[in-house]
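A.B. asks: Sequence and predicted structure are below.
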Amino acid sequence: MVKTKKAYFHLPGLFEFYDLYGVFLPLFRGHREYFYDWCDIGSVYGAPADCTWGGGRVEEGDHSPQEVLDLMRKHGISARLTFSNSLLRQEHLSDKKCNALCGLFEQNGKNGVILHSDLLLEYLKINYPGLYFVSSTTKVLTDFQDFVKEINREDFLYAVPDFRLNKVFDKWDTLSEKQKDKVEFLCNECCWFGCRDRKHCYEAVSSKNLGEDSQEHYCTAPDAGNGYRFSKAMENPGFISINDIKNVYLPAGFSNFKIEGRGLGSALILEFLLYYMTKPEYHIHVREEIYLDNMLDLF
């Protein structure tokens with residue numbers, strides 16, 4: 001009998017949702033009966049505001065990197081810096097803030113960097129060899145064979161495919177166990193499945209993080225003006241539900257699942273934590289613990 005793997009969730013907002021995780025993580029560790037025994041937290045990812053190397057989303061957060069790392073270390077969770085800027089040039093590699101963050105993260109546990117740029121990858125391999133690396137979904141690899149090449153690269157511990165590859169099960173079945181261990185599926189993407197501008201959207205954020213006066217990207221997808229809705233994400237053909245994880249992905253040998261959510265607000269992140277990790281009969285217990293904490297501003 002093949003033993004089903006455990007699901008490891010990679011959660012958003014390392015800096016942005018520090019206060020939420022400050023309440024949730026002790027609850028998760030102290031009341032495991034509230035949560036599914038087949039899941040755990042693989043990492044929390046993000047970056048402080050105004051990071052040149054940042055990409056994917058423009059993030060915020062008021063807590064110091066050391067505070068953030070102390071919280072993650074206390075609960076035995078890997079911290080990942082989201083440095084997925086796709087437009088980096090040689091002159092950007094000397095950025096003091098980003099280098100200091102990498103040095104600090106390298107010295108404080110088994111932490112990693114999510115990245116897009118091969119230029120940055122080669123730089124980090126030389127200067128911060130204690131970090132592990134994750135290939136970012138911002139590469140928008142929608143061709144399966146291109147993604148296979150990505151997971152075969154020894155530089156990456158994990159790689160996140162474009163969400164439109166999530167359900168190509170006939171192709172995922174062809175991977176070896178070693179390859180499957182490196183795949184990290186993006187579960188709750190709300191972006192239009194037919195979008196052809198996804199790469200341009202990420203590049204616009206990258207340009208903004210570089211401080212460049214670039215043209216704003218305006219999403220032309222249907223219902224774009226409504227913003228992110230979890231209910232809308234659930235209707236996406238690429239959505240990975242909790243039942244999909246338990247009944248399809250885990251038995252097939254996959255164990256890593258990324259939850260999108262930087263920039264969405266703590267209240268919505270809580271809904272993700274409830275949906276993906278919390279037993280339904282304990283939703284109210286977790287909500288009460290979070291809502292009754294006077295230090296949190298969820299709305």
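C.D. replies: Alright, I've got the coordinates. Numbers count the residues shown, from 1 in each chain.

A.B. asks: From the chain's centroid, how far away is the longest strand seen in the chain?
C.D. replies: Identified as the longest strand of the chain according to DSSP state E is strand 39-46. Chain-centre distance of strand 39-46: 8 Å, with Cα atoms, centre = their mean, to the nearest Å.

A.B. asks: do stretch 62-78 as well
C.D. replies: Chain-centre distance of stretch 62-78: 16 Å, with Cα atoms, centre = their mean.

A.B. asks: Just the buried residues of that stretch, please?
C.D. replies: 63, 65, 68, 69, 71, 72, 77, 78 (16 or more other Cβ atoms under 10 Å). For the C-beta atoms, the positions are set from N, CA and C on the backbone; glycine is no exception.

A.B. asks: now do stretch 85-103
C.D. replies: 85, 86, 87, 88, 92, 93, 95, 98, 99, 101, 102.

A.B. asks: So, low pLDDT: which residues of this protein?
C.D. replies: Along the chain, the model assigns pLDDT under 70 to residues 1-4, 56-61, 192-208, 210-226, 294-299.

A.B. asks: now the helices: where do they sit in it?
C.D. replies: 18-30, 65-74, 96-107, 118-127, 144-151, 169-172, 177-180, 198-209, 230-234, 242-244, 250-252, 266-277, 283-291 (DSSP state H).

A.B. asks: what's in contact with the first one?
C.D. replies: Contacts of helix 18-30 from elsewhere in the structure, counted by Cβ atoms under 8 Å, 6 or more residues apart in numbering, are 11, 13, 34-35, 41, 44, 61-63, 67-68, 71, 74-75, 77, 266, 269-270, 273, 277, 286, 289-290, 293, 295-298.

A.B. asks: 7 Å - rerun?
C.D. replies: For helix 18-30, contacts defined as Cβ atoms under 7 Å, 6 or more residues apart in numbering pick out 35, 44, 61, 63, 67-68, 71, 75, 266, 269-270, 273, 286, 289-290, 293, 295-296.

A.B. asks: Likewise for the third one?
C.D. replies: For helix 96-107, the external contacting residues (Cβ under 7 Å, 6+ apart) are 51-53, 65-66, 69, 79, 81, 83, 111, 113, 124, 128, 130-131.

A.B. asks: Those, buried ones only, as a PyMOL selection?
C.D. replies: In PyMOL, a selection of the buried entries from those looks like this (16+ other Cβ under 10 Å):
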select buried, resi 51+52+53+65+69+79+81+83+111+113+124+128+131
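
A.B. asks: Could you work out the most separated pair of the contacts of helix 96-107?
C.D. replies: Based on Cβ to Cβ, the longest span within the contacts of helix 96-107 runs between 52 and 130 and measures 21.5 Å.

A.B. asks: Which among the contacts of helix 18-30 count as buried?
C.D. replies: Buried members of those, counted by 16+ other Cβ under 10 Å: 35, 44, 61, 63, 68, 71, 266, 269-270, 273, 286, 289-290, 296.

A.B. asks: so which of these would you say is closest to residue 5?
C.D. replies: Ranked by distance to residue 5 (Cβ to Cβ), the buried ones among the contacts of helix 18-30 are led by residue 35 at 16.8 Å.

A.B. asks: separation between the closest one and residue 281?
C.D. replies: Using Cβ to Cβ, to the nearest Å, residue 35 is found at 11 Å from residue 281.

A.B. asks: rewinding a little: possible to save the buried residues of stretch 62-78 as TSV with distance to residue 27?
C.D. replies: Formatted as TSV, the buried residues of stretch 62-78 follow (distance: Cβ to Cβ, whole Å):
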residue	distance to residue 27
63	19
65	24
68	18
69	20
71	13
72	16
77	14
78	19
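
A.B. asks: Count the residues that sit near residue 107.
C.D. replies: 11 (other Cβ atoms under 10 Å).

A.B. asks: circling back: could you dump the buried ones among the contacts of helix 18-30 into CSV and include distance to residue 6?
C.D. replies: Putting these into CSV (distance: Cβ to Cβ, whole Å) gives the following:
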residue, distance to residue 6
35, 12
44, 17
61, 29
63, 29
68, 25
71, 22
266, 26
269, 22
270, 22
273, 17
286, 20
289, 24
290, 24
296, 29
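
A.B. asks: wait, which of the residues you listed is closest to residue 146?
C.D. replies: Of all the buried ones among the contacts of helix 18-30, residue 44 has the smallest distance to residue 146: 28.1 Å, by Cβ to Cβ.
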